[in-house]
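just to be clear, the model below is a prediction. Sequence and coordinates:
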Amino acid sequence: MALKKEYAEHLALREKMAMPAPWDMTREEHRFLTLPNPDFIGVPEPIFSVEDRIISGPNSYLPIRIYRPSAEPNLPVMLYLHGGGWVIGNMDGFEPTVRSLANKANIVVVQVQYQKAPEHPFPTPFNDCYAALEWIVENQEVLNIDASKIGVGGDSAGGNLAAAVAIKSRDTKLVDLAFQMLVYPCTGYDGTLPSAINNAEGFGLTSKVMRWFESQYASTPADFNNPYAFPAVCKDFAGLAPTVLVTAEYDPLADDGRHYAKLLEGAGVKVIFKEYEGAIHGFNALAGVSPDIATEVQEFLARGINSFLGRQ
């Protein structure tokens, strides 16, 4: 399918902005220039409550944000991990996305502001996210959630972190996760996959930038073979949480998601998969660019989550 008109126009606008490559800027400039733009991410919809808290991480205090769709007790909960290549991004940039998911799925959503590479490379961001899951498990009464219905999810690098947290949760038996939601996740680091070549340039995220992000996150050669850094290198996928996974047709990471879905299915994991034709990387968080498609994917994700929760 051809690239959808709204994404083509969005990419043309970004081209006019002529933002330097991340390696041609300081970290501070990069983060400032990629702060959330309401014209792109959309306007956050109303939600019953939003609560900011601070929790203790392995080596830092971590801000978290709790979204509740209603006063209903014992709701399921999802730890949501935002994207940004482990280097940029924050909770504010995904505020419209998580509010929409919380409302549509009727679940509590918890975001965490994990620390970023390159100042804090792997395993620090991963450890922060796992610590946030531990906090949820240990504070089910505070959250007033159903402890048997805990899941993880995220977009892009957040999808990477969510998949990795799911693997460690299985390995440590911290909690039997009810689901994982992976949105165009970076699961490996193979720049020779067809989508990484065919969609290398011209669709927002480039393969060159993706390889740069990976080099900022994985600071040693051993990291590239660690499943908690890159989940696709895991040797055993059995027993992982049922998964709803979406990809975008015009995304260098499309094959990361396709490949990971097959690995999970091959290990007997239930997978609900959908590729959005004509879409680009990031479309789940581009409600300001294409509200109809953002709504469509969030409804799809909500249905997938609820099917695993036995609510449909």
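That came through, no problem. Residues are numbered from 1 along each chain as shown.

now the helices for the stretch 151-300 of the chain?
With helices called from DSSP state H, counting those that start in this stretch, the stretch 151-300 of the chain shows them at 157-172, 194-198, 207-217, 254-266, 291-308.

just so I know, which of these lies nearest P22?
Among the helices of the stretch 151-300 of the chain, the nearest to P22 by Cβ to Cβ is helix 207-217 (6.1 Å). C-betas here are computed from N, CA, C, even on glycine.

in the closest one, what counts as buried?
207, 209-210, 212-214, 216-217 (16 or more other Cβ atoms under 10 Å).

thinking again about what came up before, how about the helices of the stretch 151-300 of the chain, which one is nearest L79?
Each of these has some distance to L79 by Cβ to Cβ; the shortest is helix 157-172, at 7.3 Å.

which secondary structure elements does the closest one contact?
Using 3 or more Cβ pairs under 8 Å, 6 or more residues apart in numbering; DSSP states H and E as the contact test, the elements touching helix 157-172 are strand 75-81, helix 124-138, strand 145-155, strand 179-183.

which one, of the helices of the stretch 151-300 of the chain, ends up nearest to S49?
In terms of Cβ to Cβ, the element of these nearest to S49 is helix 291-308, at 18.7 Å.

hmm, back to that, export the helices and strands packed on helix 157-172 to JSON lines and tack on distance to V43 and mean neighbour count?
Putting those into JSON lines (distance: least, Cβ to Cβ, whole Å; neighbours: other Cβ atoms under 10 Å) gives the following:
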{"stretch": "strand 75-81", "distance to V43": "19", "mean neighbour count": "26"}
{"stretch": "helix 124-138", "distance to V43": "26", "mean neighbour count": "21"}
{"stretch": "strand 145-155", "distance to V43": "18", "mean neighbour count": "24"}
{"stretch": "strand 179-183", "distance to V43": "20", "mean neighbour count": "29"}
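
can the ones you listed go into a markdown table with extra columns for distance to G304 and mean pLDDT?
Output for the helices and strands packed on helix 157-172, formatted as a markdown table (distance: least, Cβ to Cβ, whole Å; pLDDT from 0 to 100):
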| stretch | distance to G304 | mean pLDDT |
| --- | --- | --- |
| strand 75-81 | 12 | 98 |
| helix 124-138 | 20 | 98 |
| strand 145-155 | 10 | 98 |
| strand 179-183 | 7 | 98 |
